[in-house]
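>>> Give me a model of this one.
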Amino acid sequence: MQMNATHTSFVALGDSFTEGMSDALPDGSYRGWADLLAGRLAAHAPGFRYANLAVRGKLIQQIVDEQVETAASMDADLITLVGGLNDVLRPKCDVPRVCALLEEAVERLAPSCRQLVLMRSPARRGPVATRFLPRMEELYGFVDDLAARHGALVVDLYGARVLGDPRLWAEDRLHLDGEGHRRVTEAVWQTLGHTAQFDWTEALPDSLPLSWPARRAADLRFTRQHLVPWIGRRLTGRSSGDGLPPKRAELVPYEL
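Numbering: from 1, shown residues only. Sure, this is the predicted structure:
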């Protein structure tokens, strides 16, 4: 396992988390932890190349079918794979099937790069996450075992209490905000063996809780703007990523 090595190329696979939602830029596009990590790596490697094949809404089967072979053929130094959470958050999920597909992906990707990185994705504290915790823990236990068998690194975001703080999540309650993505970048950076730039696990300062009217207003806004459209997509078999291309489909030089 290579630690603290200079990586000259990086390919990221996954769904909305790796695409960068909801770390929004002024032009409406998304940045996210993978772009931030690419920027750090590029600062240490002239000619650094970066591809991001992630597309929001993708299930693990789609990641395997649409991203894995492409990534494996790019001969990159570093590959990150994050997937399966969209599956386990659905009302019905065959977790062993998700694990089998994840293993299929890792078996193809691990030999094709110098370092493969997997993740235990973060979970926002609240009733929705609590309902799915047993599935998530089953998936993440398998991720640990898979990494041990294939020489991959694991970034444990799930175990970091701070990333469960609702203040690090966007209004849709499904995606980290800009500060959340910045902390994920630092977590990956340190897992790769680089010198820490800050303590990404540090808790946010205490704050006064929202008033009851403010909480109800936020709940109504969330339901109208995010929950109802999400349910509609589930009922009609649509995905937020339908028709969208990968974020960065080619492994090309990354402009800082």
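>>> State the three-state secondary structure for residue 205.
Three-state assignment for residue 205 (DSSP: H, G, I helix; E, B strand; the rest coil): coil.
>>> tell me the SS of residue 181?
When classified by three-state DSSP, residue 181 comes out as helix.
>>> May I ask which helix or strand of this protein has the lowest mean pLDDT?
The helix or strand of the chain with the poorest confidence is helix 228-236; it has a mean of 61 (mean pLDDT, DSSP states H and E).
>>> Show me what the following helix or strand past that one is packed against.
As assigned by DSSP states H and E, the chain's next helix or strand after helix 228-236 is strand 248-253. In this structure, strand 248-253 makes packing contacts with strand 49-52, judged by 3 or more CB pairs under 8 Å, 6 or more residues apart in numbering; DSSP states H and E. No exception for glycine: its C-beta is placed from N, CA and C like everyone else's.
>>> Show me how far the strand it packs on is from its chain's centre.
15 Å (CA atoms, centre = their mean, to the nearest Å).
>>> quick one: residue 138 and residue 95 touch, right?
Yes: when contacts are counted by CB atoms under 8 Å, residue 138 is listed as touching residue 95 (5.2 Å).
>>> Now do stretch 169-180, average pLDDT.
Average pLDDT, stretch 169-180: 92.
>>> List the buried residues of that stretch.
Residues 169-170, 173-178, 180 are the ones in stretch 169-180 that count as buried (16 or more other CB atoms under 10 Å).
>>> cool, stretch 195-211 as well?
residue 200.
>>> repeat for stretch 25-36
Result for stretch 25-36 [16+ other CB under 10 Å]: buried residues 30-36.
>>> again, but for stretch 245-256
246-248, 251, 254.
>>> what's the closest of the residues you listed to residue 71?
Nearest to residue 71, judged by CB to CB, of those is residue 251 at 8.9 Å.
>>> Wait, the closest one touches residue 47, no?
No: with contact defined as CB under 8 Å, residue 251 does not count as touching residue 47 (11.7 Å).
>>> can you redo the buried residues of stretch 169-180 as CSV with secondary structure?
As requested, those are exported to CSV (three-state DSSP):
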residue, secondary structure
169, strand
170, coil
173, coil
174, coil
175, coil
176, strand
177, coil
178, helix
180, helix
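>>> Adding distance to residue 14 as columns, could you present these in JSON lines?
Converted to JSON lines, those look like this (distance: CB to CB, whole Å):
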{"residue": "169", "distance to residue 14": "18"}
{"residue": "170", "distance to residue 14": "17"}
{"residue": "173", "distance to residue 14": "19"}
{"residue": "174", "distance to residue 14": "14"}
{"residue": "175", "distance to residue 14": "12"}
{"residue": "176", "distance to residue 14": "13"}
{"residue": "177", "distance to residue 14": "18"}
{"residue": "178", "distance to residue 14": "18"}
{"residue": "180", "distance to residue 14": "15"}
